[in-house]
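Chemist: No sequence on hand, only this structure:
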């Protein structure tokens, strides 16, 4: 049988964090979990967390799942910060370090 | 997951068929187009990709970024490739599997036009998705037939002689409508709900389907990476890229709730920064004329 070249290693092995100049930081105290950032992320770098330990603006929002940025893959394009209706994503320079 | 967590405001399907770690540029519109198309179609899908940005986005061998089969095909052969895949699938009894050609605007408007037209004419049950980033962005921003009037590219450079693209955009969706393809639609990444609804509607038609998706390109349109969605939205609001759906001989044009002028649209992209008032009014009148033609066509086909 003829063999064809087949690529079957997920691109998850490539971390694209070194591409980043600005890092998005979500202020969970303001985040209403609308998931617009998740919807528009071209790098699939926003995951949905079921954790209930994440800060939230009120009781109702606390019961919802929250968007969490996967910094292994985020390239720092800033679409999430630009599209956030609550203005709760801030782009900070990588040199400032992770809080 | 707690019981009460079912009112999450997801407006598009949650399942992902595209993996992170791909090599698309920051703020890429084309990756979003693929992400939404696969969310709409699900896992029983095979994608055929010619030379384009999407041929390099999955990364080098042995990497893949899609969780569905993706076939690489020569530049001019997307239409032929999806024809072959469809026929083979039918012989294997996999009539339910979606066959998708996913080509850029160079591979559709210029190089792949004859094979696209042939596949649509033969009437196979296939999707042809054109992600339109208005140029050959993968090879370094050259002009394509789908580049709009006024744009600067590396083959239409603006120096003292102001050699920007002087020809109007060739809209392949309009060509497909003229050819009588059963389902033709335009969509853009700023409105994923609309895009997904159009693909779901298209799926109901057992014939060729053509969908043109405007995918803004920060690298080639020279705008900041965070503006991709904003510019995609502005393209619709300004009438530069009208959204419509043509099925069963009826055209339906989506009217944006807010409209802006072409001046507002071109002023946020550096590829248009050299345009003077006269150039902008040329572009505005061409856009107005096209919108008028589409609305006339809508009125004619609605039978009113």
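Modeler: Sure, I can see it. Nothing here was measured: the structure is a model prediction, and the numbers come from that model.

Chemist: Now chain B against chain A: closest residue?
Modeler: Distance from chain A to each residue of chain B (CB to the nearest CB) is smallest for residue B:226, at 3.2 Å. All C-beta atoms are positioned from the backbone trio N, CA, C, and that covers glycine.

Chemist: does that residue really touch residue A:89, like I thought?
Modeler: No - counting by CB atoms under 8 Å, residue B:226 stays clear of residue A:89, with 10.2 Å between them.

Chemist: what do the two both touch?
Modeler: Listed as contacting both residue B:226 and residue A:89 by CB atoms under 8 Å, 6 or more residues apart in numbering or on different chains are residue A:81.

Chemist: can you pull the contacts of residue B:213?
Modeler: B:33, B:37, B:129-132, B:186-189, B:195.

Chemist: For chain A, tell me which of those show up nearby.
Modeler: Among the contacts of residue B:213, the residues within reach of chain A (CB under 8 Å from any CB of the partner chain) are residue B:189.

Chemist: Could you list the buried residues of stretch A:59-76?
Modeler: A:61, A:63-70, A:73-76 (16 or more other CB atoms under 10 Å in any protein chain shown).

Chemist: Could you find the two of those that are most distant from each other?
Modeler: Spatially, the most separated pair among those is A:63 and A:75, at 31.3 Å (CB to CB).

Chemist: ok, residue B:110 - contacts?
Modeler: Residue B:110 touches B:144-146, counting by CB under 8 Å, 6+ apart.

Chemist: Quick one: name the residues of the stretch 201-304 of chain B near chain A.
Modeler: Checking the stretch 201-304 of chain B against chain A by CB under 8 Å from any CB, the hits are B:218, B:224-230.

Chemist: Who wins on neighbours among those?
Modeler: Top of those by neighbour number is residue B:228, holding 29 neighbours under the definition other CB atoms under 10 Å in any protein chain shown.

Chemist: Surely it is within a helix?
Modeler: Yes - counting by DSSP: H, G, I helix; E, B strand; the rest coil, residue B:228 falls inside a helix.

Chemist: residues in contact with the nearest residue to it once chain neighbours are set aside?
Modeler: Closest residue to residue B:228 apart from its sequence neighbours, by CB to CB, 6 or more residues apart in numbering or on different chains: residue B:27 at 4.5 Å. Residues near residue B:27 by CB under 8 Å, 6+ apart: A:42, A:77-79, B:218, B:224-228.

Chemist: Name the SS class of residue B:27, please.
Modeler: Strictly by three-state DSSP, residue B:27 counts as coil.

Chemist: In terms of pLDDT, where does the nearest residue to residue A:21 once chain neighbours are set aside sit?
Modeler: The shortest distance from residue A:21 to any non-neighbouring residue, by CB to CB, 6+ apart, is to residue A:76 (5.7 Å). Reported pLDDT at residue A:76 in the predicted model: 94.

Chemist: got the phi/psi numbers for residue A:76?
Modeler: With angles defined as degrees, to the nearest 10, residue A:76 sits at phi 80, psi 30.

Chemist: residues touching it, list them.
Modeler: A:19-24, A:91, A:94, B:26.

Chemist: switch the cut-off to 6 Å
Modeler: Counting by CB atoms under 6 Å, 6 or more residues apart in numbering or on different chains, residue A:76 touches A:20-23.

Chemist: Tell me which residues touch the residue in chain A that chain B sits nearest to, please.
Modeler: Closest to chain B within chain A is residue A:78: 3.2 Å, counting by CB to the nearest CB. Residue A:78 makes contact with A:91, B:225-226, according to CB under 6 Å, 6+ apart.
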